[in-house]
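> Can you look at this prediction? I've put the sequence above it.
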Amino acid sequence: MVVLRTLAAVALALIVAIAILPGGAGAQATVSLKYYFPVGVSGPLNQLMTSIVDDFNRSHPSIKVEPVFAGNYVEAMAKAITGVMGGSPPDVAVLDTPELYSLLDHDAIVPLDDMITKEPKGWLDDFYPALLLNARSNGHIYSIPYQRSTVIFFYNKDMFQKAGLDPNKPPKNWTELVADAQKLTIRDASGRVTQWGVEVPVVDTSPWTIQGFFVEQKAKYFDTVSGKWVKFNSPETTSAVEFILDLQNKYKVHPPGPSSPAFWGQVPQDFVQQKVAMIYTTTGNMTFIRTNAKFNWNAAFMPAGAQWGSVTGGGSMYIFKTTPEREQAAWTFVTWMTNPTQAARWSIGTGYVPIRKTELSTPAFSGYMQQVPQALTATLQLRVAGEQMTVHDQDEVQQTLVTAIQAAQSGRLTVAAALDQAQRNATQLLSKY
Amino acid sequence: MSVASRAALGERVVRARRRGWRAQPYLLLVPSLVFLAMFTYYPVLSSLEMSLYQLSPATHQQHFVGFSNYAALAADPVFSRVLVNSAAFLLGTVPVTIALALFLAVLLARTHALSTAFRTAFFYPTLLPLVGAAAIWLFVYTPGYGLVDVYLRGLVPGGVNYLGDPRYALPAVIALTIWKNAGYYMLFYLAGLQGVALELYETARLEGASAWQQFRAITFPLLAPTTLFVLLIASINAFQSVDQIWVMTGGGPDNATNLLLFYVYQAAFMFFDLGKAAALTVFLLAILMVIAAVSFRLLERRIHYEV
């Protein structure tokens, strides 16, 4: 009995001690932050991210950031929202930028205006304006650009040479694109295509690349202020989708059939395997192409439609609603991660576009640009890039457009009927906002 | 103490002891019951409840909506597409996989020099994680330089974009699933064949029965319990398929490969429409329960041969 009582007393003392100890060390309180990050392009980026975060932790003893690899963008968003709904959100996360309204509808994130005003004057102006377009809603700013990309055009200079085209003159507009693609499409004796002129993954898990064509046709296809409406079936959007179908069916310079996530992955692969002469893909694939292409290649602007254009994409940093203390620590982390030196480190390691102007003059980036002059093309194209569709119920609205474009490409519906259907479904989804 | 009360006390003791005796099996079941309750019964009941609510994301408030989530499913054209796809997937995978597994098992039942090597070869796909196998087959189906397109190019002029074409995408996923599972079911048949008495074949041969007759009259009927078991497992597997869809097609193109479980995933974790996801889950559970109930009835009743 005595033994039992002694044991109980010891146990009690231990429990009390454990309860008190962290309070005792409270003077040196460290804030632990959970940081979710996705990886959207190939490469050993996990390690790079971990070493960047380690450097932050070493230079900020009062904050400890724990990086959590959260899968691709869709999975990262699912993890973050599940955390929010279960009452344990991450403190800070890199998420697909257009998730803005989904995050707001879950009351998950905080506006950053107050924290930005406390930064040195002009801090925000150093970021490229195109990248900040879909960070804003109703006059507030909710995210800071981090791993941003844009749709860009790559072409095989050796194939241009062989086809009798000037390898330093990529197509400037859609007409030239068709003409070049016709010269670059090669068929064998049986009529089988051995080399395609061009490949455009218009839709993957989201309707991303097609939006570059929408911008080129000056389409106003969604509510840029409060994300409450879309306009998928305008003459401008219809003409963009019809142009893609013409490449496939009329000119036969593009593989037939619907675009898909598999096609998205296949396009850069086809390019380095020399199965296609010109491709549209994300700047995020530049490192992949640079290391795998055994021929001369170049990057160029997307050939112009009614105007020059492209679309931005990629992830931005969001701060989640927690406590003022944690939100402040998260902000310290965000400003450090996006400072020119760290931003350059991430851009060079991944191929994502530079996010701010002073990043270009860092020694690391100047060196990189001499090695890969093509990296500048993406940055220059940002001037004409439009913002990616950012609306309420983002993923479901996107899905209606993906399905519609696939239906048009497979010939199940006409372009007009497919886009009408997407418009109807999206309008119904958005009617509750 | 009166005689009567003493008798009553004795009876109580006996009853209590009997009750105590009865508690023991339940106590032994407690550990597994706890886990079943946590990971099976509770989620099932919770899905049933959630399917009657609509979650408002901003406030995390649930509104009771009765059966309107189910009504919305009935009116959802994608859901009917998903049902057709799931039925096609079931009919495309299960009979072929079982036939192939049985065929391989009968071929490899008798031990000869190479049977171990062949058994290993056919069983090997089972050892791969489905996600990995799907990633490999994604490359196999690549138009232009993928294995399948390279070898079948001659048959279809111009080649086929298997996963990109809504007509071929589901059959392409079905082919992978058959390849992945046939070896696994073969193992069950090999085990089943161990239980078939060799004298039966000897007698049949004395009677002059052909190989096909032996198969029809002896092997197939005696393997019926195995067949039924494999049928059950394979049907449930068909409704639980999601990995290969996730890796290879994302349910597309144009919803051509969207299966029930993937649709649940989309509704829950891409669109956060938890009411719809719960209604779909209940629907899926109902299907699985019907399959299980029918199979167990059959297992108990008909198929029990003594030799």
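Arrived safely.

> Give me every residue in the stretch 151-300 of chain B lying close to chain A.
B:153, B:157-159, B:161, B:163-166, B:248-250, B:252-255, B:266, B:269-273 (C-beta under 8 Å from any C-beta of the partner chain). To be clear about C-beta, it is placed using only N, CA and C from the backbone, and glycine gets the same treatment.

> Buried ones only from those, please, as a ChimeraX command.
To isolate the buried subset of those in ChimeraX, counting by 16 or more other C-beta atoms under 10 Å in any protein chain shown, use the following:
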select /B:153,159,161,163,164,165,166,248,249,250,252,253,254,255,266,269,270,271,272,273
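
> longest strand of chain A?
Longest strand in chain A, counting residues (DSSP state E): strand A:144-156.

> on contacts alone, who are the packing partners of that one?
helix A:129-132, strand A:276-282, strand A:297-300, strand A:310-319, helix A:340-350, helix A:375-381 (3 or more C-beta pairs under 8 Å, 6 or more residues apart in numbering or on different chains; DSSP states H and E).

> Go again with 6 Å.
The contact analysis (3 or more C-beta pairs under 6 Å, 6 or more residues apart in numbering or on different chains; DSSP states H and E) places strand A:144-156 against strand A:276-282, strand A:297-300, strand A:310-319.

> would you put the C-alpha positions of that strand in PDB?
Presented in PDB, the C-alpha positions along strand A:144-156 are these (Å, rounded to 0.1, in the frame of the first residue of the first chain):
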ATOM      1  CA  ILE A 144       2.200  37.100 -51.400                       C
ATOM      2  CA  PRO A 145       3.600  35.600 -54.600                       C
ATOM      3  CA  TYR A 146       6.100  32.800 -54.100                       C
ATOM      4  CA  GLN A 147       6.400  30.000 -56.700                       C
ATOM      5  CA  ARG A 148       4.900  31.700 -59.700                       C
ATOM      6  CA  SER A 149       4.800  30.600 -63.200                       C
ATOM      7  CA  THR A 150       3.300  31.500 -66.600                       C
ATOM      8  CA  VAL A 151       2.500  29.700 -69.800                       C
ATOM      9  CA  ILE A 152       5.400  30.100 -72.200                       C
ATOM     10  CA  PHE A 153       6.300  28.900 -75.700                       C
ATOM     11  CA  PHE A 154       9.300  26.600 -76.300                       C
ATOM     12  CA  TYR A 155      10.600  25.600 -79.800                       C
ATOM     13  CA  ASN A 156      13.300  23.300 -81.200                       C
END
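
> contacting residues around the following helix or strand past it?
Remark: after strand A:144-156, the chain's next helix or strand is helix A:157-162, criterion DSSP states H and E. Outside of helix A:157-162, the residues within contact range by C-beta atoms under 6 Å, 6 or more residues apart in numbering or on different chains are A:167, A:184, A:277, A:295-296, A:298.

> among these, which ones are buried?
A:167, A:184, A:277, A:298.

> For those, work out which two are farthest apart.
Spatial extent of those (C-beta to C-beta) is set by the pair A:Leu184 and A:Asn298 at 14.2 Å.

> one step back: and which of the buried ones among the contacts of helix A:157-162 is nearest chain B?
Closest approach between those and chain B, by C-beta to the nearest C-beta: A:Ala277, at 13.6 Å.

> Now that closest one: closest residue in space that isn't a chain neighbour?
A:Leu184 (3.9 Å; C-beta to C-beta, 6 or more residues apart in numbering or on different chains).
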